[in-house]
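1. how would this look folded up:
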Amino acid sequence: MNLRKYLIAAHTAFVFAICTMPVAAQENKTVGNDIESKRSAAMKSIEFLHGKWSGRGWVMTREGRKESTITENFQPKLGGRIAVVDGFGASKDPRTGAEIPTHQAYGIFSYDPESDRIRFRYYKAETGAEGVTDLEISGKTIVWGFDVPESGSKIKFTIRVDEKGIWREVGEFSRDQGKTWMKFMEMELSRLE
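-> Next comes the predicted model:
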């Protein structure tokens, strides 16, 4: 008799599992579709930067202001699920004429469903800096930044593509937790492709 009760209970559990599987799968599919639609909308908000850009810029160093030529290659990857930017800047050595790298950076943009924002992971060769930050996006303007714990300062970058299609970027730092800002770099780029 115990075997019969066990078989009936097992059969009932099996039938219940089969009947509820499509509902659970549909709920997961709906949640997955919602995340994909949010991801797609978020990644579209940075499409205005897609392409290869070139121009000039400057940065303040201990030795003073250094001018350089700069390229930024901003491309969607993995069917638009992420985007990457590869930046390179160089100036000429006045004595030898050799090209000296002044800016080497790489970044990965991806959607974070928990914060419902685009995350930016960045790497910079000159300083070895790397980190992750969220972007503030408004129209064709992106602002991102980070804290520098060693000095208690903040750094922020503002990228704007203006009405003429020029990528203008400004880097600023603050020693007073963002009350006042001082410009330390600027670049102006045109789209090549």
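
2. kindly state the pLDDT recorded for the residue nearest to residue 154 when sequence neighbours are not counted?
-> Distances taken as CB to CB, 6 or more residues apart in numbering place residue 174 nearest to residue 154, at 4.6 Å, with adjacent residues excluded. Bear in mind the C-beta positions are built from the backbone N, C-alpha and C, glycine included. pLDDT recorded at residue 174 is 96.

3. residue 174 touches residue 180, doesn't it?
-> Yes - the pair residue 174 / residue 180 is scored as a contact, 6.1 Å apart, by CB atoms under 8 Å.

4. out of the two, which sits in the busier spot?
-> Per other CB atoms under 10 Å, whichever of residue 174 and residue 180 has more neighbours is residue 174, with 18 against 10.

5. residues contacting residue 158?
-> By CB atoms under 8 Å, 6 or more residues apart in numbering, residue 158 lies in contact with 141-143, 169-170, 172.

6. what number of residues lie near residue 35?
-> Residue 35 has 13 nearby residues by other CB under 10 Å.

7. gap between it and residue 42?
-> 10 Å (CB to CB, to the nearest Å).

8. check residue 192 too.
-> In terms of CB to CB, residue 192 sits 26 Å off from residue 42.

9. for residue 163, helix, strand, or coil?
-> When classified by DSSP: H, G, I helix; E, B strand; the rest coil, residue 163 comes out as coil.

10. could I get the phi/psi values of it?
-> phi -60, psi -20 (degrees, to the nearest 10).
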